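> got a structure for you, letters missing:
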C-alpha cells in the first residue's frame, strides 16, 4: 500500500468530514410510542446537510442537477447525494412524518423547531471537541449519537489524487489518520457517558460500516465500490467540479459513491438501517432504537 505526503488542505478535509449528530427527547407527552423520540436535532457537515447551504453566499452548494435526481419529486434540494441522506432515513425509521427541516429554511419556525432541526452545513469545520456538547447537555439534551470518521482514503477523490502511489487500493495514510482520530473519539464518548449524569452517548462506527460495505459490496447488491456515479474527470470520477455537465450512471442503486466523496442514497439507507438496529460492531454500546427506549 502506498503513501503520500498530505497537503494542508487535504488534512483539513480529513478533519472536516467529522460529523456529530445529537438525538434527544423533548416533551415526551407528545410521543406516539416509547420508541419514537419527540425531537431530533442534527449537527454535521455535507454528509447530512439537507440544504442549509442553499441560502449561504459560498460555493459549497449542491442545489443543482443531477443532485437530488432520486429524491421525492426528483429535484435538487441541496443534499450532497442523489436522494435521501442517512439522517432522512433515520427520521423515517423513527416514525417522524417529515424530514428533519433545514435550519436555514424560512419555513423552519414556530412549533416545527420543537420537533427537531438540522443544522448541518457542507464544508463546515470542527468546534471544540466537547464544549458544545456540554452546552447541549445544559439545555436538556440527554441522548447523543456521535459518528466517527469514515474510511476517507477510499473515496474516489483520494483514489484519483493518489493513484500513482497506491494503484487501485485505498490510501492507507488517510485511513490510518481516520482510525487514530476514531480511537480518541471513542475514548471521549466513554468519558462523556461517565461525566454527564443522566446522559447516554452512543458511538456510531461509520468507519466499520462503510469498510464492510466496500469490502463486501456485492452482498449488498452493489456493482461498484470505488468510482463516482456522478462524474467528470479521473480514473474514478473523483476529479473536476460538480455541476450540470457531469455524466451520471444509469443505475444509482448499484454504486457506493454518488460523487467524489459522498455516498449514494442506496448506501445511506444501508447505513441508517445499521445505526438504527445494528449490533455493537456498528454502533456501541446500543443502537439508536434501543437508545430511544432506554
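All right, it came through fine. All of these numbers come straight from a predicted model, not from anything done at the bench.

> can we go C-alpha only for contacts and neighbour counts from here?
Noted.

> Please pull out the lowest mean pLDDT helix or strand from the protein.
None of the helices or strands of the chain scores lower by mean pLDDT, DSSP states H and E than strand 20-22, at a mean of 34.

> After that strand, which helix or strand is next?
Next along the chain after strand 20-22, taking DSSP states H and E as the criterion, comes strand 41-43.

> Please state the offset of that next one from the chain centre?
For strand 41-43, the separation from the chain centroid amounts to 11 Å (computed by CA atoms, centre = their mean, to the nearest Å).

> per-residue pLDDT, residue 19?
With respect to pLDDT, residue 19 scores 33.

> And the helices in the stretch 151-294 of the chain, which stretches?
156-161, 163-166, 172-195, 206-215, 265-277, 288-293 (DSSP state H, counting those that start in this stretch).

> Nearest to residue 64, out of those?
When the helices of the stretch 151-294 of the chain are compared by CA to CA, helix 265-277 sits nearest residue 64, at 16.6 Å.

> Tell me which other helices or strands the closest one touches.
Counting contacts by 3 or more CA pairs under 8 Å, 6 or more residues apart in numbering; DSSP states H and E, helix 265-277 packs against helix 86-93, helix 206-215, strand 255-257, helix 288-293.

> Need the winner for burial among the helices of the stretch 151-294 of the chain.
helix 156-161 (a mean of 24; mean count of other CA atoms under 10 Å).

> The helices and strands packed on helix 265-277 into CSV, with extra columns for distance to residue 57 and mean pLDDT?
Output for those, formatted as CSV (distance: least, CA to CA, whole Å; pLDDT from 0 to 100):
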stretch, distance to residue 57, mean pLDDT
helix 86-93, 25, 95
helix 206-215, 30, 98
strand 255-257, 27, 98
helix 288-293, 35, 91
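
> tell me the average confidence for stretch 55-75?
The average pLDDT within stretch 55-75 is 88.

> May I see the helices of the stretch 151-294 of the chain organised as CSV, with distance to residue 90 added?
Shown next, in CSV, are the helices of the stretch 151-294 of the chain (distance: least, CA to CA, whole Å):
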stretch, distance to residue 90
helix 156-161, 26
helix 163-166, 35
helix 172-195, 21
helix 206-215, 14
helix 265-277, 6
helix 288-293, 9
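
> among the ones you listed, which is nearest residue 93?
Evaluated over these, closeness to residue 93 peaks at helix 265-277, with 7.6 Å, by CA to CA.

> and for the closest one, what are the contacting residues?
The contact list for helix 265-277, computed with CA atoms under 8 Å, 6 or more residues apart in numbering, reads 81-87, 89-90, 93, 204, 206, 209-210, 252-256, 282-283, 287-290.

> among those residues, which ones are buried?
Among the contacts of helix 265-277, those classed as buried by 16 or more other CA atoms under 10 Å are 81-87, 89-90, 93, 204, 206, 209-210, 252-256, 282-283, 287-289.

> hang on, the earlier thing: in TSV: the helices and strands packed on helix 265-277, plus distance to residue 165.
Formatted as TSV, the helices and strands packed on helix 265-277 follow (distance: least, CA to CA, whole Å):
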stretch	distance to residue 165
helix 86-93	32
helix 206-215	20
strand 255-257	22
helix 288-293	39
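
> what's the closest of those to residue 37?
Across the helices and strands packed on helix 265-277, residue 37 has its closest neighbour in helix 288-293 (6.2 Å, CA to CA).

> now for the closest one, which elements pack on it?
Packed against helix 288-293, as judged by 3+ CA pairs under 8 Å, 6+ apart, are the following elements: strand 143-147, helix 265-277.
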